[in-house]
Structures are given as structure tokens and as C-alpha cells.
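Participant: Have a look at this fold, sequence not included:
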């Protein structure tokens, strides 16, 4: 008896597996967002940047973030060494055999952001003008965004008992006053330019064409990691200024493809549940019969 | 049919329980420190390592160790091996406790824990690409399902009394038992989903998770380790409850299961190596220092467990079963810890090693879980074949060992 039960159980499960797999294979294409030329973005030019840090200071002021004070030999400095809970943008130095210089870091405002892909209740989400926005009311502080972001951008208020996630939101709170991001507004060398992605990309390519020797021959972010709305120009290899080699796929492409295939339309779990219900019901009825005998 | 499940009875507070009460108290103090001073003060977590042992051990390993209910339900109700029925209730109980503890651990870990209630409620804001959301919802639902699966044991006890509660129990039990096949089916689908998805959580971090662990097969490998750990914990539990509560050993029964468990673990190792070879990453098994070392520790533990389990088919022995189970539990736990922490490299010289408060909270949770298990099996009909009445208290050493579960 038990063997018959087992065989029919496997048959039902096999059929369920086949049924669940079919729609998955038929249209397993997971859609990723495409770059939009009208989205807002920044063009960061590491050739022009002189490391004055005006952007860092102005950013803190515009976003109400406190100083990141470190005391060195008795003297206090507001000199953040990386993005952190009070620092939404930072200037870092780079040094290669070819060149030395400075580069700005902040949220890349990915076209298809990993942070928003993993966020449970869309606290991080793609908002108006392509800005990756944060809504604290939907955040439970799980920090999956930090795991997911290939640029290590989202930061967490570790020192607080009521912490938030902190990251650049492209000064979206200033748009209603007709202002753009504070960093771009204050930059004395136009090393940070605010604008629409399409126009920024054109400008970037114009600069490369005008001074081909000074720049790497491509714009980081045009296609990297599925595209970013913050674009970079560099005199040295992009890995040397801290930008990872991501290929052209969005960072969450693998996770969304695997998950999207397994759970397409929630067909597989429902079919599996149906099949298992039949099997467990049959088996328990059979067990009861045997007990009654 | 074997003997029905019965309460073990006996005295609850033994020296082993006293030690666990102390661990609970220390964990509570550490927890108070975390909730008043924040995660930065209490833990070694950072922007580079945003997940520490409260996630990697308490949740990811903890629910793996709590997969006994899943593994047994699959065996008994799908593969129709009714003779394993006596092992189902204790397995369901450890699973229920393991998942409950994971839920509590998450509360310690979440920065904005007071917003947790929104997860099941804010349907309109659910992000359909969030694997963590799926894991969270599945785990919540599964904990409730485990409670329903266990409820006949609770109702059985309540029926023996008088009054309204007993009347309710007498009325409710047939209804629950009639719905049980469907509840069991739900209880099989949910862990299949979230145990594999625990692995999928790492897919997105392809620049951070080491090549020995990062693969599109992560969901499959995590499902395999859930089953391996699930079956292993049943061996562990069966043998230790025999020692602690003087039940009969189930060596023969467990021996027949061993061949299948051994094959499952061997298949896991084979798939892993085939995948590494396919991706041309076999070199990483020797070139990556600490990561290579831990990869081989895992592999040796898995292979040792597989070999010992396979032997059980012809020469069942309680001692070898315990060794096999421990090897499999360590192997599965280490695989999961490695994937989440040892193989995780966010760059920029970030390091992570848990602080004392982190360890105290985790130990406190394990102690609480163990005490709850001991209390429940003494009060409710969970274990079958218990010697009655119990004349002496459980040996302290054996009960303390249970702390591992």
C-alpha cells in the first residue's frame, strides 16, 4: 500500500513540476528599466575636480547634516573619509602612475537600482525625474539596501536608537524653489554638473572629443550596471577612482531573473501547493484506513 | 503502531536549566543595551557588514536547524513513510521554536523594529522584486502553520481537563485534524520557498560574495542544506531526548533513513563542484586563503556526514548516527555562515567579528529556545515512547548539550 501511495505521490508531483516549469520557460524575460534621457542626473568630471570640498560642506548645509568631526592631535577637523550617516557626498583622492587627483562620490541614481530592487516596502524607490528616493515611513531598518548596492552608497545611522538610512537624493527637496543639487551649484570648476541625463551624456562625450588625451575614452554610467543617472569622466581607469566593473547588466539582474522565473505569476507555488494537498490528503486518508483496520 | 506521544513530566528546574536561565538573563541585559544605545554601540556591524550573526546565525542558520519539521513532513506525508510518524511532533516543535526565535532575533536586528507590523499589512507597498519580503512573509506564515500543525498536541492535553477550555478543545481537534492535510501541504510549500530564498538573498551582491559561494544555484544549494540540516536535527533530537528523557532509541528506524540523507548530502557536494568546474572557478578552492580553507572545512564535514549516513543502511549504530548528524549540522551551518559572512567582502578593509553583546543575545535566545523545548515536552504529548513515570531528573550534561539545537 505504502509503495502505491508513494508512486502516485511522485507522479502527481512530477506533473506539477512540469506544469509549473512551462510558463517559467515560455516568458521568463524579466523587464529592467531603460535609461531615460529626461531623468535628472549629475556629470562628475574627475579631470576638472581640484578637491576643494566645497560640495561636501554645501551638501551638509543643504541637507541639514551635521559635521563629521575627527580630532587629530588636539585639533578638530570636519573631514569625512567616506560616505557616512552625516555625509551624503565626499571627495576622495586617487593616485596612479599616470595621474593623481580627486573624485566625488555620492549616490549613482542607478537606472535600475539594486537598493530599490531589494527594499521590502519600497522605502527606497525610483521617484520623479529618476531620483532614487527614500521614504523613512516605510523603512524597517533591515539594511538589505546596503548589502545590495554595488557602490556601497546607502549608509545607516548606527549611533542612533531610532536609525534611518541616509543617502543622496539629488537635493529633490530643493526643486520646488527652482534649485538643483547643492554640490553642483557650489562647484567652482564645473566638475559637477546637474542636468538631464541625455544632455549630460552629450556634454561628457563633447569633453572627451575635445581633449582625448586627458580623458578615458568612455563615460562611466552610460551602460555600466544597467546605466546610472550620475555619469563619470576620469583621467585614469575607473577602478582607480573607486567605480567597480559591473558590466552592462543591472546589479539585480541575476536575482530578479532567478526569482522572476521561479515565481512568475506565482504559478509554481500554487501548483506545488495543489499537488502537495492532493498527495497529503490521499496519504492521510490511506493511513486512517490502515489504522481503522 | 508505536507507543503514543506522552508528556515527559518531571521537575523543570535542573542545574542545566539554571545555567540557561543565567544565559537568558545575560542576553536580556545585552538586549536592553542594544535597544537603548543603538546597534552601533552594541554590535560590530558596520556600513560594510550590515548583517552580522543576528541574521547569519539566528535567522539563516537557526531556521536551517529548524527545518526538521519540513524534512519530516516531506518524508511522512509525501513519501508516505508512516513508520516515521513518532518523530514528527518533536520535529515540528523544534521547528516552531526555531522560527519563533528567528522572529525575535530579527526584532533585535532591525533598526526600525517598531515598523515591523507594516510588513504583512502594507500590501499596497509590497515590492514584488524583494526576496527579503518573500522570506519575511513566508517565515511569518510558516510559524503560524507550525503552530497549527502542533495544535492537536495542545488540544489533546486541554481535553483532559474540565470546563469551557476542555469543551473547546474537544470541539476544535476534529476540525483541525480534518484540515491537517492542507495545513501540512502549506507547511511544505512555505519552507521550500523561503529556505531557497535565503540563498537567493545573496544573488544581488555579486561584487561582494566570494566566487566559491556566489552562484545562480544559491537557492538550490540552500534548499539542500535546509533538508540536510532538517534530517540531521531529527537524528540529534531523537538520540538526545533518549538520553535526557530515557526514551527508547530509534536506531533501526533512523538507520533506514540514513541512506537517503547520505545521498542528499553527496548530491549537494557534487552539484557544488560541478558548478564551480562549469564556471572555471575550481582554482578558487586553493587560491583564496581563508575562504579556500573554510570551503574545504565545509566540504570535508559534508563528505564525512554523507559517508557516515550511507553506512547506516546496513550497520545502524546510535553513536555513528549522532556523529553523522553533528557533522551535517556543522557543515550546513558553516556553509550558511560562510556565504553570509566569511565569503562576504564589501571592500575597503571592512572587517566584522561579533561583539560580546551580540554573542550574549544569540546565546540567550538559544537558551530560551532550549528551555521552552524542555518545558513543553514535559507538559504536552510530544515525545513517543517515554518511560513512565519518570523517577529521576534528566542528566545535566545531556540537557546542556541540547543547547546546541
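Facilitator: Structure received. Every value quoted in this text rests on a predicted model; they were computed, and no experiment measured them.
Participant: What segments of the stretch 51-200 of chain B are helices?
Facilitator: Under the criterion DSSP state H, counting those that start in this stretch, the stretch 51-200 of chain B carries helices at the ranges B:53-55, B:62-65, B:68-73, B:88-109, B:118-121, B:131-159, B:163-200.
Participant: nope, chain A is what I was after
Facilitator: Counting by DSSP state H, chain A has helices at residues A:2-26, A:54-62, A:114-118, A:144-148, A:182-186, A:197-210, A:253-262, A:267-292.
Participant: Now for whichever residue of the stretch 1-150 of chain A sits closest to chain B: which residues touch it?
Facilitator: Residue of the stretch 1-150 of chain A nearest chain B, by Cβ to the nearest Cβ: residue A:141 (2.2 Å). Yep, even glycine has a C-beta here, placed from its N, CA and C like the rest. By Cβ atoms under 8 Å, 6 or more residues apart in numbering or on different chains, residue A:141 lies in contact with A:156, A:163-165, B:110-113, B:115.
Participant: do the same with residue A:252
Facilitator: Shown in contact with residue A:252 (Cβ under 8 Å, 6+ apart): A:112-114, A:117-118, A:148, B:129, B:204.
Participant: Among those residues, find me the one that's closest to residue B:381.
Facilitator: Nearest to residue B:381 among the contacts of residue A:252 is residue A:118, at 43.1 Å by Cβ to Cβ.
Participant: Please read off the pLDDT at that closest one from the model.
Facilitator: Looking at residue A:118, its pLDDT stands at 97.
Participant: quick one: it and residue A:144 touch, right?
Facilitator: Yes - with contacts counted by Cβ atoms under 8 Å, residue A:118 reaches residue A:144, the gap being 4.4 Å.
Participant: export the contacts of residue A:252 to CSV and tack on neighbour count?
Facilitator: Shown next, in CSV, are the contacts of residue A:252 (neighbours: other Cβ atoms under 10 Å in any protein chain shown):
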residue, neighbour count
A:112, 23
A:113, 31
A:114, 31
A:117, 26
A:118, 30
A:148, 30
B:129, 19
B:204, 28
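Participant: residue ranges with poor pLDDT in chain A?
Facilitator: Residues of chain A meeting the criterion pLDDT under 70: A:1-29, A:291-293.
Participant: mind giving me the domain ranges of it?
Facilitator: A:2-31+A:255-292, A:40-249 (automatic domain parsing).
Participant: Single out the most deeply packed of these.
Facilitator: Mean neighbour counts were taken over those using mean count of other Cβ atoms under 10 Å in any protein chain shown, and the top value, a mean of 19, falls to domain A:40-249.
Participant: what's near enough to touch residue A:145?
Facilitator: Each residue near residue A:145 by Cβ under 8 Å, 6+ apart is listed here: A:114-115, A:118-119, A:124, A:154, A:165.
Participant: and with 10 Å instead?
Facilitator: Under the criterion of Cβ atoms under 10 Å, 6 or more residues apart in numbering or on different chains, the contact list for residue A:145 reads A:113-119, A:123-124, A:132, A:134, A:139, A:153-156, A:165, A:167, B:50.
Participant: Give me the spatial nearest neighbour of it, chain neighbours excluded.
Facilitator: Leaving aside its sequence neighbours, residue A:145 sits nearest to residue A:115 (Cβ to Cβ, 6 or more residues apart in numbering or on different chains; 3.8 Å).
Participant: Distance to residue B:320 added to the helices of chain A, as a markdown table?
Facilitator: Listed next are the helices of chain A as a markdown table, based on distance: least, Cβ to Cβ, whole Å:
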| stretch | distance to residue B:320 |
| --- | --- |
| helix A:2-26 | 27 |
| helix A:54-62 | 63 |
| helix A:114-118 | 43 |
| helix A:144-148 | 40 |
| helix A:182-186 | 66 |
| helix A:197-210 | 64 |
| helix A:253-262 | 37 |
| helix A:267-292 | 31 |
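Participant: ok, the residue in chain B that chain A sits nearest to - how many residues close by?
Facilitator: Closest contact between chain B and chain A, by Cβ to the nearest Cβ, is at residue B:111 (2.2 Å). Using other Cβ atoms under 10 Å in any protein chain shown, residue B:111 has 22 other residues around it.
Participant: gap between the residue lying closest to it once chain neighbours are set aside and residue A:66?
Facilitator: Excluding the flanking residues, the one nearest residue B:111 by Cβ to Cβ, 6+ apart is residue A:141, at 2.2 Å. Residue A:141 sits 20 Å away from residue A:66, going by Cβ to Cβ, to the nearest Å.
Participant: All the helices of the stretch 301-405 of chain B, residue numbers only.
Facilitator: For the stretch 301-405 of chain B, the helices defined by DSSP H, counting those that start in this stretch occupy B:318-337, B:356-379, B:396-401.
Participant: Briefly note if stretch B:15-35 comes near chain A.
Facilitator: Yes - contact of stretch B:15-35 with chain A (Cβ under 10 Å from any Cβ of the partner chain) involves B:34-35.
Participant: Next, the contact list for residue 59, please.
Facilitator: No chain was given, so I picked chain A. By Cβ under 10 Å, 6+ apart, the residues touching residue A:59 are A:53, A:65, A:87-90, A:104, A:106, A:168, A:171, A:181-183, A:186.
Participant: please go with chain B instead
Facilitator: Contacts of residue B:59 (Cβ under 10 Å, 6+ apart): B:51, B:53, B:98-99, B:101-103, B:105-106, B:109, B:135, B:139, B:198, B:336, B:340.
Participant: Go through these and say which is closest to residue B:246.
Facilitator: Out of the contacts of residue B:59, the member with the shortest distance to residue B:246 (by Cβ to Cβ) is residue B:98, at 24.6 Å.
Participant: pLDDT wise, what is the closest residue in space to that closest one that isn't next to it in sequence at?
Facilitator: Leaving out its chain neighbours, the residue that sits closest to residue B:98 by Cβ to Cβ, 6+ apart is residue B:66, at 2.4 Å. pLDDT, residue B:66: 96.
Participant: Kindly report the same for residue B:401.
Facilitator: With respect to pLDDT, residue B:401 scores 46.
Participant: Dump the contacts of residue A:252 to JSON lines, plus distance to residue B:311.
Facilitator: JSON lines is the format used below for those (distance: Cβ to Cβ, whole Å):
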{"residue": "A:112", "distance to residue B:311": "51"}
{"residue": "A:113", "distance to residue B:311": "51"}
{"residue": "A:114", "distance to residue B:311": "46"}
{"residue": "A:117", "distance to residue B:311": "46"}
{"residue": "A:118", "distance to residue B:311": "43"}
{"residue": "A:148", "distance to residue B:311": "43"}
{"residue": "B:129", "distance to residue B:311": "45"}
{"residue": "B:204", "distance to residue B:311": "40"}
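Participant: Tell me the one among these nearest to residue B:11.
Facilitator: For the contacts of residue A:252, the nearest to residue B:11 is residue A:118 (48.5 Å; Cβ to Cβ).
Participant: Settle this for me: the closest one is touching residue A:149, isn't it.
Facilitator: Yes - the pair residue A:118 / residue A:149 is scored as a contact, 9.1 Å apart, by Cβ atoms under 10 Å.
Participant: got any residues that touch both of these two?
Facilitator: Counting by Cβ under 10 Å, 6+ apart, the shared contacts of residue A:118 and residue A:149 are A:124, A:251, B:204-205.
Participant: circling back: correct me if wrong: the residue nearest to residue A:145 contacts residue A:139.
Facilitator: No - with contact defined as Cβ under 10 Å, residue A:115 does not reach residue A:139; the gap is 11.3 Å.
Participant: Are there residues contacting both of those two? Which ones?
Facilitator: What both residue A:115 and residue A:139 touch, as defined by Cβ under 10 Å, 6+ apart, is the set A:123-124, A:145, A:165.
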